[in-house]
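Student: any chance you could fold what I've pasted below:
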Amino acid sequence: MSYAPAKPVSVPVVVVPTVVRPAAPLYSNLGKGAKDLLSKGFPSTYKVEVTTSAENGVQFVSSAEKKQANKTDVVVGTFQPKYKLASRGLELTGTFDTDNQIKAELALDNLFVPGVKGTFKAQTGASHDLEAAFEYKHEVGTFTSTFVHNPTTAKTLLSATATVSRQSVTAGVESKYSLAPAQPGTLTTVTGALNYKAATHDLTAFVKSDAGSVTDGGDAPRLYSLGAHLHYTPSKESSFASSLDYDLQKNTIKVTIGGSQKLDARTETKAKFSSDGRLGLGVAQQLTPAVKATLGTELNTFDLAGSTPKFGVHFEVRA
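Tutor: Numbers count the residues shown, from 1 in each chain. The predicted structure follows:
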């Protein structure tokens with residue numbers, strides 16, 4: 001008697017997709033969209049920047065900028081080589097300029113443990129600084145700490161930030177601490193922020209306090225500023241921003257509003273106006289796939305006869 005071989009039974013395999021949640025935003029990124037829209041894209045100097053990249057991860061950035069220093073026109077040249085090894089999470093950057101300033105930076109991802117990034121900087125020339133910064137990102141919150149030491153003055157500045165995020169709401173705090181020779185440590189400033197981010201809205205409210213000297217006999221901490229940043233993006237072509245800063249010590253309020261509009265795939269216009277009469281206009285044009293030009297001007301509308309408008313042109317070339 002012969003038996004037929006049993007037929008294999010197929011069992012369906014259920015694949016459960018892995019959900020990777022993005023990390024919580026850093027404290028420095030709270031309100032960044034509004035601040036960038038109201039500050040970037042309005043050049044007031046003449047600058048040409050050329051960026052070249054190689055396949056081995058080496059990048060060179062060279063620039064020349066004409067600007068005013070002590071009411072005199074000067075041209076500052078900068079050369080910045082950069083090497084990035086993505087497989088190791090390593091990035092090396094050097095900066096040399098005609099102001100006799102030399103800078104070096106080393107950044108390492110997953111330093112000691114996953115999720116921790118370390119950045120180490122040193123500069124010499126007109127000013128000397130040594131800096132070490134550490135950054136940790138998690139989906140629930142982030143933490144950063146920065147140590148800046150000046151060998152010339154022997155002063156050390158310490159700063160730390162922390163954020164806690166849940167769904168669309170993020171709360172953060174930043175504190176700065178100063179150490180000086182022959183003086184006790186001083187807590188200089190404490191800043192808090194609360195951010196709400198939706199599909200088209202990004203609202204950040206902040207409060208700042210001047211901590212003064214918290215040592216015996218020093219000044220008590222005092223609240224000196226509060227405000228908010230709003231970034232509204234109704235479409236990919238349009239974006240609007242507003243910023244409010246209320247100085248409690250001077251009892252003054254400064255409001256800035258602005259927006260950007262893409263006219264086509266290569267042209268973007270920007271405008272901003274502040275309550276102190278400052279009007280800024282800018283237009284960016286992608287002349288070729290490798291060349292971008294940005295023109296800007298800023299003038300005081302409250303004193304058109306007595307003030308001189310600022311003009312600037314930036315060219316960015318990528319090879």
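Student: ok, and the closest non-adjacent residue to residue 21?
Tutor: Excluding the flanking residues, the one nearest residue 21 by CB to CB, 6 or more residues apart in numbering is residue 139, at 4.3 Å. Any C-beta I mention is one placed from the backbone N, CA and C, and that applies to glycine too.
Student: what secondary structure does the one you found sit in?
Tutor: At residue 139, secondary structure determined by DSSP: H, G, I helix; E, B strand; the rest coil is coil.
Student: and it, how many neighbours does it have?
Tutor: Counted by other CB atoms under 10 Å, the residues lying close to residue 139 total 12.
Student: what do you get for residue 177?
Tutor: Neighbours of residue 177 using other CB under 10 Å come to 18.
Student: quickly find the element holding it.
Tutor: strand 169-179 (DSSP states H and E).
Student: next structured bit after that strand?
Tutor: Next along from strand 169-179, by DSSP H and E: strand 186-197.
Student: for whichever helix or strand comes after that next one, which outside residues touch it?
Tutor: Going down the chain from strand 186-197, the next helix or strand is strand 201-210, by DSSP H and E. Strand 201-210 is contacted by residues 30-31, 33-34, 188-197, 221-233 when judged by CB atoms under 8 Å, 6 or more residues apart in numbering.
Student: partners of the following helix or strand past strand 201-210 in the sheet?
Tutor: Counting by DSSP H and E, the next helix or strand C-terminal to strand 201-210 is strand 222-232. According to DSSP bridges, strand 222-232 forms sheet pairs with strand 201-210 (antiparallel), strand 238-247 (antiparallel).
Student: give the buried residues for strand 222-232.
Tutor: By neighbour count with 16 or more other CB atoms under 10 Å, strand 222-232 contains the buried residues 225-232.
Student: one more: stretch 144-160?
Tutor: Quick answer for stretch 144-160 (16+ other CB under 10 Å): 144, 146-147, 149, 156-160.
Student: what about the helices in the protein?
Tutor: Secondary structure of the chain (DSSP state H): helices at 32-39.
Student: biggest strand in it by residues?
Tutor: strand 72-85 (DSSP state E).
Student: what is the neighbour count of residue 202?
Tutor: 21.
Student: so who does the closest residue to residue 317 other than its chain neighbours touch?
Tutor: Nearest residue to residue 317, sequence neighbours excluded (CB to CB, 6+ apart): residue 50, at 4.6 Å. If you count contacts by CB under 8 Å, 6+ apart, residue 50 has them with 61-63, 317-319.
Student: bridging residues for residue 50?
Tutor: residue 62, residue 317.
Student: from residue 98, how far out is it?
Tutor: Separation of residue 50 from residue 98 (CB to CB, to the nearest Å): 16 Å.
Student: swap in residue 22?
Tutor: 41 Å.
Student: what's the answer for residue 44, then?
Tutor: 20 Å.
Student: who has more neighbours, those two?
Tutor: Taking neighbours as other CB under 10 Å, residue 44 and residue 98 compare with residue 44 leading, 16 against 12.
Student: hmm, that one is touching residue 294, no?
Tutor: No. Shown here, residue 44 and residue 294 do not form a contact pair, counting by CB atoms under 8 Å, at 11.2 Å.
Student: dump the residue contacts of residue 84.
Tutor: With CB under 8 Å, 6+ apart, residue 84 has these contacts: 57, 59, 90-92.
Student: among these, which lie within strands?
Tutor: 59, 90-92.
Student: rewinding a little: residue 22 is in contact with the residue nearest to residue 21, correct?
Tutor: Yes. Contact criterion CB under 8 Å: residue 139 and residue 22 qualify, at 6.8 Å.
Student: quick one: residue 282 and residue 43 touch, right?
Tutor: Yes. Counting by CB under 8 Å, residue 282 does reach residue 43; the two are 7.2 Å apart.
Student: shared neighbours, these two?
Tutor: 294-296.
Student: shaky segments in the stretch 201-319 of the chain?
Tutor: 211-221 (pLDDT under 70).
Student: can you give me the distance of the residue nearest to residue 317 to residue 290?
Tutor: 10 Å.
Student: and residue 302, by the same measure?
Tutor: 41 Å.
Student: also residue 37?
Tutor: 25 Å.
Student: same question, residue 193
Tutor: Taking CB to CB, one finds residue 193 at 38 Å from residue 290.
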